[in-house]
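# Fold the stuff below for me.
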Amino acid sequence: MQVLKTKINTASEDFRVRYAHNKGLAAALKDKLHQVRHVRPQRDLDRLAKQGKLTPRQRIEKLIDPGTPFLELSSLAANMAYNGEAPGASVITGIGIVSGREVMINAGDSTVKGGAWYPLTVQKIVRCLDIAIENHLPVVHVCDSAGAQLQLQSEVFPDKYMAGRIFRNQAVLSKMGIKQVSLVMGHCTAGGAYIPAMSDYSVIVRGTGGVFLGGPPLVKAATGQVMTADEIGGADLHTQLSGTVDYAANTEDEAIAMGREIIAQFQDKPKARTRIGLGQAPLYDPDELYGIIPDDIKKSFDIREVIARVVDGSRFHEYKPDYGTTLVTGYAEIWGFQVGIIANNGILFNDSTKKAAHFIELCNQNNTPILFLQNITGYMVGRDYEIAGITKDGAKMIMAQVASHVPKITVMCHASYGAGNYGMCGRAYDGRFLFTWPNHQIAVMGNEQAAGTLVDVKRAQLERTGAKVDQAVLDKIRDDTIKAFATQTSAYYSTSQLWDDGIIDPTDTRNALGIAISASLNAPFGPQGAGVYRF
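Next comes the predicted model:
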């Protein structure tokens, strides 16, 4: 493959301005991640210590193989919800290596309201189990939760993608033969009791672990019986009498060791077949990404400069380089894994859209995972483009993308607006993983376009009714719209709502993708197929 040639002048003023801006965004991200992951009230840490418990992150550190990475997902979920009282949505999820096997980890965070489930907690757990299903990943549940946040029960309990979906997903995993292990470190209350009950293997810690549909307060309210947690759902009851749990451990360290030993017995399964190379660092320093990404969402940049700092050896075989030039397509390797890359270099026109559809089919023909690098303002609009068939060409791209049987992974590198988000494998399109950068913005359109549209609609409405056109009213609509968009389009709002699998530092992109691609290959490729293309 040809080595990409950079055109970046790292000594230029433009580079320095962009670098300072994006380095600042990365520093702010690092600070937010530290706060969410490690800063807790001392009283909560003292409570765990008094109970002889490890923190959830200490549990994960002991669970995964020494010296191996942990790809944490949606670390900043709920960061703009619930007045900030549920950092990380009170649960830690991610992919790690345990006894040499890639697994999904779902760990309740008992340092946050006792691990209570908020609505976004449930969404995060459901998403992690969806990823396990899609990628055939065994799951380790590290259980320690006070159950549903009862004040928000209407948003936690009744609907299709609420708490019941957790246990539905567990049943699907079991039906697929994908193993689950539960380590019961604390309480599994109410619906949470089904997590160890629906796992293939379960371990419980004496004295602190508990599994019960109704905890002591509910049992007292319902029956009048006064019972301790240990009496109605402790280790001895469930390992000696009910058989709900398989193993009892005297300490958390012992429970973790048991879990690792259980996972070590799992039968290895071959990964999906795709070409795998040796892996090589990019020729150009990923740190230069800070100076490549614009400091304004409206500014453009050459996406090849990003590719050159992510892929192995900065080597890239570009497909159709002279056709549909606002979209870059081609083959590369990331940590040795071959990928097809579809990357925006401007708005999507008819030619670039058809080029994408064709390239997607080539990747499927070759069993090559696809990486989408999004920086898109949408498909081109206007009468001439409608006559040329931009809508049906966009439909071809979406049809090919949805029919794709190879893993798809998306990175939001800059803007993601309108239907361009759809064609470039946005959240609704079943990508295996979707990551964002801290500069990312997402919306149905840009804030100024949205404000201008609403102002024009209001002006037309006033003129149609013969009412006076009050400029102050129009200015307020414009200002309110821009202000609302500024909040709701940010990467932090997006990740708070779980519209992605986490914000990552641009310089960490290559490592995150390496883990994600490797995990995705645990599932076999599906059958090839296609929908109806409108020609």
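# mind listing the helices for the stretch 251-400 of the chain?
252-264, 289-292, 303-307, 350-365, 383-387, 390-403 (DSSP state H, counting those that start in this stretch).
# got a markdown table for the ones you listed, with distance to F485 and mean neighbour count too?
All C-beta spots, glycine's among them, are computed from the backbone N, C-alpha and C. Formatted as a markdown table, those follow (distance: least, CB to CB, whole Å; neighbours: other CB atoms under 10 Å):
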| stretch | distance to F485 | mean neighbour count |
| --- | --- | --- |
| helix 252-264 | 46 | 19 |
| helix 289-292 | 25 | 23 |
| helix 303-307 | 24 | 22 |
| helix 350-365 | 26 | 21 |
| helix 383-387 | 25 | 10 |
| helix 390-403 | 24 | 20 |
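# Any chance of these in a markdown table with distance to N375 and mean pLDDT as columns?
Formatted as a markdown table, the helices of the stretch 251-400 of the chain follow (distance: least, CB to CB, whole Å; pLDDT from 0 to 100):
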| stretch | distance to N375 | mean pLDDT |
| --- | --- | --- |
| helix 252-264 | 40 | 98 |
| helix 289-292 | 11 | 98 |
| helix 303-307 | 6 | 98 |
| helix 350-365 | 13 | 97 |
| helix 383-387 | 20 | 95 |
| helix 390-403 | 16 | 95 |
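# and G466, which of these is closest to it?
helix 383-387 (30.9 Å; CB to CB).
# For the protein, give me the ranges with low pLDDT.
Scanning the chain with the threshold set as pLDDT under 70 gives 445.
# Determine which residue of it is most distant from the centre point.
Largest separation from the mean C-alpha position in the chain: G466, at 50.0 Å (CA atoms, centre = their mean).
# Stretch 389-397: how far from the chain's middle?
In terms of CA atoms, centre = their mean, to the nearest Å, the centre of stretch 389-397 is set 28 Å apart from its chain centre.
# May I have that stretch as CSV, with CA atoms only?
Below are the C-alpha coordinates for stretch 389-397, written out as CSV (Å, rounded to 0.1, in the frame of the first residue of the first chain):
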residue,chain,number,x,y,z
GLY,A,389,-31.4,11.7,-8.1
ILE,A,390,-29.6,12.7,-4.8
THR,A,391,-32.4,11.2,-2.8
LYS,A,392,-32.4,7.8,-4.6
ASP,A,393,-28.5,7.8,-4.6
GLY,A,394,-28.5,8.5,-0.9
ALA,A,395,-31.0,5.6,-0.5
LYS,A,396,-28.5,3.3,-2.3
MET,A,397,-25.8,4.2,0.2
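# What lies in contact with that stretch?
348-350, 353-354, 356-357, 360, 379-381, 419, 423, 533-535 (CB atoms under 8 Å, 6 or more residues apart in numbering).
# if we go to 7 Å?
For stretch 389-397, the external contacting residues (CB atoms under 7 Å, 6 or more residues apart in numbering) are 350, 353-354, 356-357, 379-380, 419, 423, 533-534.
# And the longest helix belonging to the chain, what does it pack against?
If you go by DSSP state H, the chain has its longest helix at helix 13-38. If you count contacts as 3 or more CB pairs under 7 Å, 6 or more residues apart in numbering; DSSP states H and E, helix 13-38 packs onto helix 289-292.
# Domain parsing of this protein, as residue ranges.
40-264, 288-446+489-520, 447-488 (automatic domain parsing).
# Tell me which of those approaches T274 most closely.
Using CB to CB, the nearest of the domains of the chain to T274 is domain 288-446+489-520, at 5.3 Å.
# Need the distance between the two termini of the closest one.
28 Å (CA to CA, to the nearest Å).
# same question, stretch 229-241
15 Å.
# ditto for stretch 495-513
Stretch 495-513 has an end-to-end distance of 18 Å (criterion: CA to CA).
# Check stretch 491-503 too.
First-to-last residue span, stretch 491-503, CA to CA: 7 Å.
# and that stretch, how far out from the chain's middle?
8 Å.
# hmm, who's touching it?
Residues contacting stretch 491-503 (CB under 7 Å, 6+ apart): 29, 72-81, 120, 123-124, 127, 412, 427, 433-438, 440, 442, 487.
# out of those residues, which are inside helices?
Reading helices off the contacts of stretch 491-503 with DSSP H, I get 29, 120, 123-124, 127, 487.
# Can you turn the buried part of those residues into a ChimeraX selection?
The buried subset of the ones in helices among the contacts of stretch 491-503, as determined by 16 or more other CB atoms under 10 Å, is captured in ChimeraX by this line:
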select :29,120,123,124,127
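# Mind picking the two most distant members of the ones in helices among the contacts of stretch 491-503?
Longest span within those, CB to CB: R127 and T487, 22.9 Å.
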